[in-house]
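> fold the following.
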Amino acid sequence: MIKKIVFIIISTLIFSQSEAQIYNIHNFYTQNMFYYAPAHTGDKEQLAAFADYRNLLTGIKDALQTATVGLHSPITSKMNIGGLIKTQRAGLFETVSGRLDYSFRTHITDNQLIALGINGGVMQRNLNVDNAIVADPDDPTLRSEERRVGK
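Numbering: from 1, shown residues only. So this is what the prediction gives:
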């Protein structure tokens, strides 16, 4: 019995001192402006990492699914860097993208600052024809390269 009480007290102390989520509102897109604008890189003034998964219209086959992982942080008092990886699937279409962000932030008065950001990235879009419903299954346009050659 004493072990249980000690465990509960220690667990309560550990979890009351930890902070696992900065964004406590369910609409993630309006809370994480880094997702949209590279000028918000490092805007939390500390290392910020996040992961997001959205399955829109649950229960409907081939509905939009999005998964995002990102990280951004200041590297000096004025320079910040970050990165974002995103996958999206909607029906037959699959997209994977990644980007790197850089921002420069400086104070123009004691209460105001200006931030300039730039980013660059890559994107790959695929058409997954494995689940396609077609009138002619022997159409060579819908076959993978291995099937066209006859392997």
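
> show me where the chain has helices.
For the chain, applying DSSP state H gives helices covering 2-17, 28-31, 145-149.

> rank those by mean pLDDT and give me the bottom one.
Note on those: lowest mean pLDDT is at helix 145-149, with a mean of 52.

> spatially central residue for the protein, please.
Thr68 (2.0 Å; C-alpha atoms, centre = their mean).

> name whatever forms a beta bridge with that residue.
Thr68 forms beta bridges with Asp52, Lys86, as assigned by DSSP bridges.

> and it, what does it touch?
Thr68 sits next to Tyr35, Phe50, Ala51, Asp52, Tyr53, Leu84, Ile85, Lys86, Thr87 when contact means C-beta atoms under 8 Å, 6 or more residues apart in numbering. The C-beta positions use only the backbone N, C-alpha and C, and glycine is treated the same way.

> which among those residues end up buried?
Neighbour-count burial (16 or more other C-beta atoms under 10 Å) applied to the contacts of Thr68 gives Tyr35, Phe50, Leu84, Lys86, Thr87.

> dump these into a markdown table; add pLDDT as well.
Below are the buried ones among the contacts of Thr68 laid out as a markdown table (pLDDT from 0 to 100):
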| residue | pLDDT |
| --- | --- |
| Tyr35 | 80 |
| Phe50 | 87 |
| Leu84 | 94 |
| Lys86 | 93 |
| Thr87 | 94 |
